[in-house]
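S.K.: Kindly return the folded structure for what I paste below:
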Amino acid sequence: MSPSRTEFFRQALDHYLAQKNPRMKAVSIQGYGGSDQLAVRDLPAPGPPGSGQVLLRVRAAGVNPVDWKIRKGKLRLAMPAKFPLILGYDVAGEVVEIGPEVAWFQPGDAVYGGVDVI
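M.R.: Below is the predicted model of the structure:
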């Protein structure tokens, strides 16, 4: 059964808005505190990569002791957070888009590494 005309236009509008305002799911914190701060949230996707940057589709991320220290606020003087904050700086995935001056990677490349913490 095909969707009704109203449902068709609603789906088309949702698709259009998703392209204009892309979203992603991420585990993030809304403030300093305990593990109760961790939640899967629907957040704005990052914009296009800047000079020397790549945009990744993350397939796996790892957490380290620095992540719980950041979450608890133990490093807030050295590394003040802007919330919502996504923790997990070790990543694996593939390159989606490259910014200017990126020569080592191409879209589709499988990669792993660490994201700058600061």
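S.K.: Please, where are all the helices along the chain?
M.R.: 5-20, 65-72 (DSSP state H).
S.K.: In terms of mean pLDDT, which of those helices ranks lowest?
M.R.: Note on the helices of the chain: lowest mean pLDDT is at helix 5-20, with a mean of 65.
S.K.: which residues of the protein score low on pLDDT?
M.R.: Scanning the chain with the threshold set as pLDDT under 70 gives 1-3, 5, 8-20, 117-118.
S.K.: hmm, 80 instead?
M.R.: For the chain, applying pLDDT under 80 flags the ranges 1-21, 116-118.
S.K.: what about the strands in it?
M.R.: 23-29, 39-44, 54-62, 85-86, 90-98, 110-114 (DSSP state E).
S.K.: Now render those as a markdown table, adding mean neighbour count.
M.R.: C-betas here are computed from N, CA, C, even on glycine. Shown next, in a markdown table, are those (neighbours: other CB atoms under 10 Å):
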| stretch | mean neighbour count |
| --- | --- |
| strand 23-29 | 15 |
| strand 39-44 | 11 |
| strand 54-62 | 15 |
| strand 85-86 | 16 |
| strand 90-98 | 16 |
| strand 110-114 | 11 |
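S.K.: any chance of the ones you listed in a markdown table, plus distance to residue 72?
M.R.: Converted to a markdown table, those look like this (distance: least, CB to CB, whole Å):
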| stretch | distance to residue 72 |
| --- | --- |
| strand 23-29 | 10 |
| strand 39-44 | 16 |
| strand 54-62 | 18 |
| strand 85-86 | 12 |
| strand 90-98 | 19 |
| strand 110-114 | 21 |
